[in-house]
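1. How does the following fold in three dimensions:
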Amino acid sequence: MHHSIEIENLSFTYPDGTPALRDVSLSISPGEKVALVGPNGAGKSTLILHLNGILSGEGSVRVCGLEVIKKNLGLVRSSVGLVFQSPEDQLFSLTVFDDVAFGPLYQGLSADEVNKNVDYALDAVHMLTYKKRVSHHLSMGEKKRIAIATVLSMHPEVLVLDEPTGGLDPRSRRSLIHLLKELPLTMLVSTHDMLLVKEIFPRMVVLDEGSIVADGLTTTLMQDTALLEAHGLENPQ
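-> Model (predicted):
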């Protein structure tokens, strides 16, 4: 059985010469929920952007059994749903329906299948009644849910989120945590929200200066005060 995500010896340097990832190897099994944590500039977003080919470095990246290379990008991007930190990067259509239908339409599905997929995705994020709403009039919490629906509409195997709780008020944050808990997908989430990590993710990967410095059970790593302090993190009591 293939891993949902398999990264081997991945290194990436930005065009200005800044190294962002150094020899990163990481495997995530189907159904695992994994948190990727570390300080700003650790390389978390850079790593995530390799999972559907937005960035391409040295080394090997496979998702759902597919090598992330140019000829596979269509399949890769329907297998891995990437949700950006800012929903504005994902929502660009007039209505919620149009935003969520974009992926299935691009896949060439029939009108009936598109409607089914949109309903499934909006139902999964508890936003079915929002179909006709104007996306840019929604609150930040609502936009984040719709952004997740835009990738769920393509029935991905893996959900990858960048700072999902960033910018949310406490109520929206709590409701998003409930949502992530109940989604039955393999999940990799880059976050600074250590309470979110503690609540949802059994496994935690610590990235700093482009290298993985720890990878293990969240409950164990959260107790390692020296490790957390060394990498700008803290255990939320």
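
2. looking at the chain, which helix or strand is least sure?
-> Lowest mean confidence among the helices and strands of the chain (mean pLDDT, DSSP states H and E): helix 73-79, at a mean of 88.

3. what does that one rub up against?
-> 52-53, 63-64, 66, 68, 103, 107, 154-158 (CB atoms under 8 Å, 6 or more residues apart in numbering). Just so you know, the C-beta spots here come from the backbone N, C-alpha and C atoms, and that holds for glycine as well.

4. Just the buried positions in that helix, please.
-> By 16 or more other CB atoms under 10 Å, the buried positions in helix 73-79 come out as 76-79.

5. Repeat that for stretch 219-235.
-> Buried residues in stretch 219-235 (16+ other CB under 10 Å): 221-222, 227-228, 231, 233.

6. next one: stretch 42-59
-> Residues 42-53, 55, 57, 59 are the ones in stretch 42-59 that count as buried (16+ other CB under 10 Å).

7. got it, and stretch 63-75?
-> Buried residues in stretch 63-75, counting neighbours by 16+ other CB under 10 Å, are found at 63-64, 66, 68.

8. measure that stretch end to end?
-> 10 Å (CA to CA, to the nearest Å).

9. Below-threshold pLDDT in this structure: ranges please.
-> 1 (pLDDT under 70).

10. how far is stretch 209-219 from where the chain is centred?
-> Centroid separation between stretch 209-219 and its chain, computed with CA atoms, centre = their mean, to the nearest Å, is 17 Å.

11. Quick check: buried residues in it?
-> Quick answer for stretch 209-219 (16+ other CB under 10 Å): 210-212, 214-215, 218.

12. Which of these fall within strands?
-> Among the buried residues of stretch 209-219, the residues falling in strands (DSSP state E) are 211-212, 214-215.

13. Keep only those of the buried residues of stretch 42-59 that are in helices.
-> If you go by DSSP state H, these have 44-49 in helices.

14. Out of the residues you listed, the closest to Ser190 would be?
-> Minimum distance to Ser190 across those is 4.1 Å, recorded for Lys44 (CB to CB).

15. So that closest one sits against Ser190, correct?
-> Yes: counting by CB atoms under 8 Å, Ser190 is a contact partner of Lys44 at 4.1 Å.

16. Spit out the residues that contact those two alike.
-> Once CB under 8 Å, 6+ apart is applied, the residues that Lys44 and Ser190 both contact turn out to be 36-37, 162.

17. JSON lines please, covering the residues you listed and showing distance to Glu8 and neighbour count.
-> JSON lines is the format used below for the shared contacts of Lys44 and Ser190 (distance: CB to CB, whole Å; neighbours: other CB atoms under 10 Å):
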{"residue": "Leu36", "distance to Glu8": "17", "neighbour count": "27"}
{"residue": "Val37", "distance to Glu8": "21", "neighbour count": "27"}
{"residue": "Asp162", "distance to Glu8": "22", "neighbour count": "20"}
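
18. Could you export the residues you listed as CSV, including distance to Glu88 and secondary structure?
-> Converted to CSV, these look like this (distance: CB to CB, whole Å; DSSP: H, G, I helix; E, B strand; the rest coil):
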residue, distance to Glu88, secondary structure
Leu36, 22, strand
Val37, 24, strand
Asp162, 13, strand
